[in-house]
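**Student:** task: produce atomic coordinates for the following.
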Amino acid sequence: MLTKHFIKHILLISSVFAAVILITCPALAQTKREKAKDDEAISSFRFKTIVIDPGHGGKDPGAHGAYSNEKSVALSIGKKLKEAINDQLGSVNVIMTRSTDKFVELHRRADIANENKANLFISIHCNSTPERVGSRKGALLLVYGFHRKQEQLEALRENASIYIEKDYQKKYNGYGDDAAVNAIVLAAFQQRYRKQSIQFGDLLDTEFKNTDGRRSAGVKEQGVLVLQQSGMPGLLIETGFINNPDDERYLNSREGQNAIVQSIIRAIKKYRDNLNR
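**Tutor:** Numbers count the residues shown, from 1 in each chain. Sure, this is the predicted structure:
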C-alpha cells in the first residue's frame, strides 16, 4: 500500500517535472497561447461578403439548350440571388463578378473575390451532356479539387488574415519571410476552406433534394478553374442540364429560378449559423 509520504513525493516530482518542461520549452507554451488567441479570433469572425459569379458571358455563351444558353440563365439567377440576399441577409455585402452580358476572364473573377476579401464565392452555371438532347437532369455541386492545391497558395496568402487577429503579420515576422511558417499556416487555411466549401455544398444539396424535390448528384471535387485562385470557401453550382428539355424549362422559368435562389439562401443561412457556433 502506498504511504501518504510516498504519494507526496510523487506529486512533488510530477510538479517539478511539469515546471521543467515549461521552463525548457517556452516555445511550446507560447504556441499554445498563440493558438488560443487565434481560436478566439476565428470564433469572432464576421460573415459579411459574398461574391456571386454568373458563369460565362459576352463572347462566351457557355452551354446551349433548345432555345436558351448558359450565360443568360446564369446571369438571371445571379441577379435574383443578389436581390434575395439583400432582402433576407441585409448585413451581408453582395458583389457580382458581372451584372451584364460581359465576358470576364476566369482569373479576374477570382481576383474580384480576393480583393473584396469575400467569405464565400458562389459561381452559377448550367450543365450539359454530349447528347443532342440530354438524358441527364438535375443539379451538381463542385468544389475545388485540392490535388491542384499549389495553385491556391498566392490567393490564400492575400486573404488568410481575415480569420485572425490584426497583428498577424507582426507576430509571424512579416508573413512571407518564413517559408516554413507560411507552409503550415497556408495548409491549415486551405484545409479549412475545403471543409467549409464541402459543408456549404452539402447544405445546398440537401435543400435541392429535400425541399425542392429535385435530383442532385451531390458534391464533387474537381479542378475547377474559376475556383482555383480564390482564397475563400467556394462552390460552383451546376443548376441543371440546359440540354435536357425538362431542366431547360425549369431553368428558364421564374418559378424554377426563384426555387433555386431560395434553396441557396437557406443553405447560406445555415452555413453562416454553423460558422458562428
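
**Student:** low-confidence ranges in the protein?
**Tutor:** Counting by pLDDT under 70, the low-confidence segments of the chain come to 1-45, 132, 134, 146-190.

**Student:** quick one: the helices in it?
**Tutor:** Under the criterion DSSP state H, the chain contains helices at 4-24, 26-43, 70-88, 106-115, 153-159, 168-171, 179-206, 245-252, 254-275.

**Student:** mind listing what the nearest residue to Ala66 once chain neighbours are set aside touches?
**Tutor:** Beyond its immediate neighbours in the sequence, the residue positioned closest to Ala66 (Cβ to Cβ, 6 or more residues apart in numbering) is Glu248, lying 6.2 Å away. (Each C-beta comes from the backbone N, C-alpha and C, glycine too.) With contacts defined as Cβ atoms under 8 Å, 6 or more residues apart in numbering, the neighbours of Glu248 are 65-68, 240-242.

**Student:** quick one: those as TSV, columns for distance to Gly213 too.
**Tutor:** Conversion of the contacts of Glu248 to TSV gives the following (distance: Cβ to Cβ, whole Å):
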residue	distance to Gly213
Gly65	22
Ala66	24
Tyr67	25
Ser68	23
Gly240	13
Phe241	17
Ile242	20
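
**Student:** now, of those, which are buried?
**Tutor:** 65, 68, 240-242 (16 or more other Cβ atoms under 10 Å).

**Student:** out of the residues you listed, list just those in strands.
**Tutor:** When DSSP state E defines the strands, the subset of the buried ones among the contacts of Glu248 inside them is 240-241.

**Student:** and the furthest pair within the buried ones among the contacts of Glu248?
**Tutor:** For those, with distances taken as Cβ to Cβ, the pair at the greatest spread is Ser68 and Phe241 (12.1 Å).

**Student:** nearest to Ala84, of the buried ones among the contacts of Glu248?
**Tutor:** Once Cβ to Cβ is applied, the member of those that ends up nearest Ala84 is Gly240, at 18.3 Å.

**Student:** do you know how far the residue nearest to Ala66 is from Gly256?
**Tutor:** From Glu248 across to Gly256, the span is 10 Å (Cβ to Cβ, to the nearest Å).

**Student:** now swap in Ile112 and tell me
**Tutor:** When Cβ to Cβ is applied, the distance between Ile112 and Gly256 equals 27 Å.

**Student:** Gly213 - how many residues pack around it?
**Tutor:** When neighbours are defined as other Cβ atoms under 10 Å, Gly213 has 8 of them.

**Student:** next: Pro130.
**Tutor:** Here the number of neighbours of Pro130 (other Cβ under 10 Å) works out to 6.

**Student:** re earlier: between Glu248 and Gly256, what contacts are shared?
**Tutor:** Gly240.

**Student:** identify the residues contacting the nearest residue in space to Ile50 that is not next to it in sequence.
**Tutor:** In this structure, Ile50 finds its nearest non-sequential neighbour in Leu120, 4.9 Å apart by Cβ to Cβ, 6+ apart. Leu120 makes contact with 47, 49-51, 200, 232-235, 268, 271, according to Cβ under 8 Å, 6+ apart.

**Student:** cool, Leu89 as well?
**Tutor:** Contacts of Leu89 were listed using Cβ under 8 Å, 6+ apart, and they are 265, 268-269, 272.
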